[in-house]
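Enquirer: fold the stuff below for me.
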Amino acid sequence: MNDTTSLPQLPDRLSIDPSSPFHDRDVFQREIGIRFNDKDRHDVEEYCISEGWIKVAAGRTLDRKGKPMLIKLKGKVEAFYK
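Expert: Next up is the predicted model:
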């Protein structure tokens, strides 16, 4: 039932921030899942599979541009379409 042949391949690095150079609008047409250290994460802002890290918001803290402050967590990263 799931036809994954027509879906774009997930990039090595992806960000949900539209102003980031790693944002790919076509990929976000469908829901993406991130598995970090064998646990599903729903709060990932950016990931890099080859370098093995994800960035998540650090609480409610905002930077001076009004975007959430991010912390980098290192480990095993897997990205997949839901």
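Enquirer: when you work out contacts or count neighbours from here on, use the C-alpha atoms and nothing else.
Expert: Noted.
Enquirer: how about Leu10, what does it touch?
Expert: Leu10 makes contact with 27, 79-80, according to C-alpha atoms under 8 Å, 6 or more residues apart in numbering.
Enquirer: who wins for neighbours among these?
Expert: Ala79 (19 neighbours; other C-alpha atoms under 10 Å).
Enquirer: distance of that residue from Glu46?
Expert: Ala79 sits at a distance of 11 Å from Glu46 (criterion: C-alpha to C-alpha, to the nearest Å).
Enquirer: and the contacts of Leu10, which of them are in strands?
Expert: Within the contacts of Leu10, membership in strands is found for 79-80, as judged by DSSP state E.
Enquirer: name the helix or strand for Arg60, please.
Expert: When secondary structure is defined by DSSP states H and E, Arg60 falls within strand 53-62.
Enquirer: which outside residues touch that strand?
Expert: Contacting residues not belonging to strand 53-62 are listed as 36, 43-48, 68-77 [C-alpha under 8 Å, 6+ apart].
Enquirer: let's see that with 6 Å instead.
Expert: Outside of strand 53-62, the residues within contact range by C-alpha atoms under 6 Å, 6 or more residues apart in numbering are 44-47, 68-75.
Enquirer: mind checking which of the residues you listed are buried?
Expert: Neighbour-count burial (16 or more other C-alpha atoms under 10 Å) is assigned, among the contacts of strand 53-62, to 44-47, 68, 70.
Enquirer: adding secondary structure, write those residues out as TSV.
Expert: Compiled in TSV, those are given as follows (DSSP: H, G, I helix; E, B strand; the rest coil):
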residue	secondary structure
Val44	strand
Glu45	strand
Glu46	strand
Tyr47	strand
Pro68	strand
Leu70	strand
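Enquirer: from those, pick the one nearest Asp12.
Expert: Looking at the buried ones among the contacts of strand 53-62 and their distance to Asp12, the nearest is Tyr47, at 8.0 Å (C-alpha to C-alpha).
Enquirer: next up, the contacts around the closest one.
Expert: The neighbourhood of Tyr47, defined by C-alpha under 6 Å, 6+ apart, consists of 13-14, 53-54.
Enquirer: show me how far stretch 32-51 is from its chain's centre.
Expert: A distance of 6 Å separates the centroid of the chain from that of stretch 32-51, by C-alpha atoms, centre = their mean, to the nearest Å.
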